[in-house]
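# 3D model of this:
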Amino acid sequence: MLLCLLAAGVFLVDCSSKEQAKSPDQTDISNTPDDEQNFDSSSQDEGANRDKFNENRHPTDLPKDADSANTDKIYATDGSEIYYESSSSGFAASTPDFKGYTANKVKQILGSPSSIIKDTKTMKSMLTEDEQERIISLFKTELISREEAKAFYSVANDFVLGNLDRYYIYEYKDKNIVLLFNTESDTLAYITPNPDYVYWR
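Okay, the predicted model is just below:
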């Protein structure tokens, strides 16, 4: 079994082909993150808090797609699941879908990005160390829950394990968010979970 250590130095993960075959918005990794204390200062396990965030896992008020959504921010679309679960055998995470959100659609809502990044080395750094800082800040200011923080951070790192040549990033420095797009479909795959700019619950 091949083990990979991410550049951020925070995840030790199973890089078997089974894990790589999973969809980009789902993560199933063999070990829990070493930096879990950043998101949780308590010793409670995930199951103890499951009921608290259960209503956020399967939202019922999401639009069908981008064309059906309001235009004040980016909206997760119908069928999205948001969760993070851990056990002794590993953990699994899922973040929202954004059906129909192309780069042009996003620009109509958020404006032009500060920069467009296509260099894989830069993208890896942005999705690991930089995104970790953004998510921890959102969690500490109580804009997102602990479960949501772990889910989004896990999925961001999962993209790093895949082929980033198939993606590019829009960076909005003034909003302190990044958005990851698939180059083939030109659709949104991931966004920093700042509730000021994205709605999922």
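
# gap between the nearest residue to Ser80 once chain neighbours are set aside and Lys73?
Counting by CB to CB, 6 or more residues apart in numbering, Ser80 lies nearest to Pro96, which is 3.9 Å off, once chain neighbours are set aside. Heads up, the C-betas are built off the backbone N, CA and C, glycines and all. Separation of Pro96 from Lys73 (CB to CB, to the nearest Å): 12 Å.

# With Ser94 instead?
20 Å.

# Nearest residue to the middle of the protein?
Nearest to the mean C-alpha position of the chain, counting by CA atoms, centre = their mean, stands Phe152 at 3.2 Å.

# Find the helix or strand that it is a member of.
Assigned by DSSP states H and E, Phe152 belongs to helix 146-161.

# ok, now Tyr170?
Going by DSSP H and E, Tyr170 is part of strand 167-172.

# From the rest of the structure, what touches that strand?
103, 106, 110-111, 113-118, 123, 126-127, 159, 177-183, 189, 197 (CB atoms under 8 Å, 6 or more residues apart in numbering).

# Low-confidence ranges, this structure, go.
Per-residue confidence for the chain (pLDDT under 70) gives these ranges: 1-59.

# ranges for the helices of it?
In the chain, the segments counted as helices under DSSP state H are 17-20, 50-57, 103-110, 120-125, 131-140, 146-161.

# so which of the ones you listed comes closest to Arg201?
Within these, the stretch nearest Arg201 is helix 50-57; the backing value is 4.4 Å (CB to CB).

# thought Lys175 was touching Pro195?
No. Judged on CB atoms under 8 Å, Lys175 makes no contact with Pro195 at a distance of 11.8 Å.

# Quick one: residues contacting Phe181.
Ala103, Tyr167, Tyr168, Ile169, Tyr170, Thr187, Leu188, Ala189.

# any chance of those in CSV, plus distance to Asp78 and neighbour count?
Formatted as CSV, the contacts of Phe181 follow (distance: CB to CB, whole Å; neighbours: other CB atoms under 10 Å):
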residue, distance to Asp78, neighbour count
Ala103, 21, 17
Tyr167, 24, 21
Tyr168, 26, 19
Ile169, 26, 20
Tyr170, 24, 21
Thr187, 15, 18
Leu188, 15, 25
Ala189, 17, 19
